[in-house]
Structures are given as structure tokens and as C-alpha cells.
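> Sequence first, predicted coordinates after that:
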Amino acid sequence: MNYLWIDEENRSSFKSVLPREYTEGKENICIGAVDDEGFVCGALCYRCASYQYDVLWLYVSEEKRLQGTGTGLMDRLFQIVGTSGEICPISARFEPAKEKSLYAFFLSYTKMETTYSHSRYYIVPRDLRSVNIPGMGEKDTLPQTDFFSLSTVAQHKILTKLEEECGYVVPDYDDWKKSTVPELCRCIFLEGELKNLLLVQKRADGNLELSYLYSKHPRGLVELLSDAAWDTEGIYPDAKLVFDAVTRESAAMAKKLFPHAHIVPIYEAEG
């Protein structure tokens with residue numbers, strides 16, 4: 001088996017094993033597997049962010065499954081990380097119900113341990129209707145501002161604030177911006193102070209992710225979420241709006257905000 005870096009020159013050759021929604025980014029690194037006859041067997045994409053290597057996807061052609069292709073790609077990644085001089089963990093997250101073969105693979109891959117990680121909420125507009133927030137009955141809505149309508153300086157100032165106060169890190173602004181959904185990234189200012197912020201990003205599976213919720217005004221957050229949910233149905237009818245509840249605080253928030261959401265368990269393989 002031969003392993004190649006996937007770049008602009010050879011990407012078309014790996015079209016059959018790359019996801020349709022693949023978004024290019026400087027931090028996304030792809031490895032392809034090709035057998036001795038030149039048959040494209042599979043591909044793996046990963047990135048290093050926040051001192052961790054994340055496997056974004058691993059796909060093996062049906063003709064080459066159960067023949068060591070997936071193991072070979074993961075072993076190649078471990079070799080790359082091991083020779084980089086960095087001591088960073090490698091992880092992969094997935095839904096067992098939707099990605100059964102991937103779940104089975106990581107359960108059998110002895111270099112990584114697979115355990116329950118967190119819950120993922122698939123949100124619909126009616127989620128926000130039953131939320132009991134003081135002041136939600138008021139007729140006047142709070143003024144919303146498109147995040148990307150702000151000056152670049154103002155945007156960076158907010159992102160720096162999120163990093164310092166909340167640990168939300170944007171390694172590369174240009175690549176991060178490419179993955180966002182500008183018309184759904186909105187904020188609320190009251191008396192010149194940031195009160196609410198909603199950031200939405202594209203996922204590799206074609207859905208849209210609530211990547212960050214900043215809330216100093218509960219009613220404002222619900223308004224942002226409600227508008228985002230309705231606009232997702234109108235602008236992106238084939239996409240679902242998802243939120244990963246990865247901490248105790250975000251789980252409590254999700255339980256309150258998304259009472260009707262479809263909830264699925266996410267598993268994580270770590271090594």
C-alpha cells in the first residue's frame with residue numbers, strides 16, 4: 001500500500017473517497033491510500049488544533065474494507081505525529097448509529113480507546129417556542145447585528161475576548177471564516193456592550209453547527225437561536241442545525257434551550 005499527501009494536483013484522483021462537503025483549509029491535512037495497481041483505496045483527513053490532532057474523516061472504498069486499509073491510514077497518522085516532535089493526543093468523534101463501520105473499526109483499533117464523549121442535539125425551530133425565559137413575551141425584539149458586517153478590527157477584538165474569557169480559539173482567521181455561515185453569525189449589543197453572539201459553521205456532513213453561543217442576556221440568545229433555526233430551514237432546507245453539548249454547562253444549556261431536539265450520543269476514539 002502506498003500513502004500520498006492529497007493536494008491540489010492529485011485531489012481529483014481521490015474524489016471517490018473524499019466527502020462531497022469537503023472544505024479546504026490550511027489546517028486540514030489529507031492522506032490517501034493507493035494500492036500497487038493504482039486503485040484508490042481510501043483517505044484520511046486530520047488537523048491539529050488546540051494541541052490535539054482531530055481525525056475529521058476516515059473513509060475506505062467498499063472493495064478494500066477489512067483488508068487493513070483503515071488501519072494503515074491510522075498507523076501512518078501515528079507515525080507522522082510520532083516523528084513531529086509534538087506530544088499531542090489523537091482523537092476521532094462519530095455517531096455510532098450513522099457510522100456503524102467507523103464505530104466498529106475504532107473499537108477494534110487497539111491503539112485508540114473508544115468511549116462515550118457527549119451528546120449532539122439536532123435542533124428544529126419549535127425547540128425555541130417552549131423555552132421559558134423572562135421577557136420573552138415582549139413585543140420589541142432586540143437589535144441584531146451581522147457579525148461579519150463589523151469591521152475586521154472589531155471582529156478580531158471579539159474573537160480575542162472569546163479566547164481570553166471562554167477559551168474559544170481561532171487558529172487561522174481566514175480558514176475559520178471560510179467555514180462559517182456569514183448570514184447566521186449574529187450578535188446583539190446593548191449600550192455598546194456585547195451581550196450575545198451566535199457563530200455558525202459548516203460541517204463536513206452538510207449540516208450547520210452552532211459552534212459558539214455567547215450569552216449575557218438569555219432573551220437575546222433565544223432570539224438569535226430562533227432566527228437561526230428558522231433561517232436554516234429557509235436558506236439551507238437540506239441542512240440540520242446541530243449543537244454539541246460537550247461540557248456540563250453546555251449540556252445544561254442544551255437541555256433548557258432544545259427540549260424537543262433529536263439527541264444522539266457521540267463516541268470518541270482517543271490515542
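Happy to help now that I have it.
> Which residue is the nearest non-sequential neighbour of the residue nearest the centre of the chain?
When Cα atoms, centre = their mean is applied to the chain, the residue found nearest the centroid is residue 203 (5.3 Å). Nearest residue to residue 203 in three dimensions, chain neighbours excluded: residue 209, at 5.1 Å (Cβ to Cβ, 6 or more residues apart in numbering). The C-beta positions use only the backbone N, C-alpha and C, and glycine is treated the same way.
> thinking the one you found is in contact with residue 240, fair?
No. At 9.7 Å, residue 209 does not count as touching residue 240 under the criterion of Cβ atoms under 8 Å.
> Could you pull out the strands in the stretch 101-250 of the chain for me?
Secondary structure of the stretch 101-250 of the chain (DSSP state E, counting those that start in this stretch): strands at 113-123, 144-146, 186-190, 193-202, 208-215, 241-245.
> Quick check: which of those is nearest to residue 158?
Closest of the strands of the stretch 101-250 of the chain to residue 158 is strand 193-202, at 6.4 Å (criterion: Cβ to Cβ).
> got the contact list for that closest one?
21, 23, 142, 147, 158, 161-162, 179-181, 184-189, 208-217, 220-221, 223-225, 228, 241 (Cβ atoms under 8 Å, 6 or more residues apart in numbering).
> Please look at residue 13 and residue 40 and confirm they touch.
Yes. With contact taken as Cβ under 8 Å, residue 13 and residue 40 are classed as touching, separated by 6.4 Å.
> of the two, who's got more company?
Applying other Cβ atoms under 10 Å to residue 13 and residue 40 shows that residue 40 carries more neighbours, namely 19 against 15.
> mind listing what the more buried one touches?
Going by Cβ under 8 Å, 6+ apart, residue 40 touches 13, 14, 16, 17, 32, 33, 34, 61.
> most surrounded residue in the residues you listed?
residue 33 (25 neighbours).
> how near is that residue to residue 82?
Separation of residue 33 from residue 82 (Cβ to Cβ, to the nearest Å): 19 Å.
> Wait, residue 1 touches residue 75, no?
No. Counting by Cβ under 8 Å, residue 75 is not a contact partner of residue 1; they are 10.2 Å apart.
> Tell me the residues that contact both of those two, please.
With Cβ under 8 Å, 6+ apart as the test, residue 1 and residue 75 reach no residue in common.
> Enumerate the helices of the protein by residue range, in sequence order.
In the chain, the helices defined using DSSP state H lie at 69-82, 100-108, 152-166, 173-178, 218-235, 248-257.
> Output those helices as JSON lines; include the columns distance to residue 48, mean pLDDT and mean neighbour count.
Shown next, in JSON lines, are the helices of the chain (distance: least, Cβ to Cβ, whole Å; pLDDT from 0 to 100; neighbours: other Cβ atoms under 10 Å):
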{"stretch": "helix 69-82", "distance to residue 48": "9", "mean pLDDT": "91", "mean neighbour count": "18"}
{"stretch": "helix 100-108", "distance to residue 48": "19", "mean pLDDT": "90", "mean neighbour count": "17"}
{"stretch": "helix 152-166", "distance to residue 48": "17", "mean pLDDT": "94", "mean neighbour count": "13"}
{"stretch": "helix 173-178", "distance to residue 48": "13", "mean pLDDT": "89", "mean neighbour count": "14"}
{"stretch": "helix 218-235", "distance to residue 48": "29", "mean pLDDT": "89", "mean neighbour count": "19"}
{"stretch": "helix 248-257", "distance to residue 48": "23", "mean pLDDT": "89", "mean neighbour count": "15"}
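> can you tell me which of these comes nearest to residue 28?
helix 173-178 (8.1 Å).
> Using PDB, list the CA coordinates for the closest one.
Provided in PDB are the C-alpha atoms of helix 173-178 (Å, rounded to 0.1, in the frame of the first residue of the first chain):
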ATOM      1  CA  TYR A 173      -8.900  33.700  10.800                       C
ATOM      2  CA  ASP A 174      -9.100  33.300   7.100                       C
ATOM      3  CA  ASP A 175      -9.600  29.500   7.200                       C
ATOM      4  CA  TRP A 176     -12.100  29.900  10.000                       C
ATOM      5  CA  LYS A 177     -14.100  32.500   8.100                       C
ATOM      6  CA  LYS A 178     -14.300  30.100   5.100                       C
END
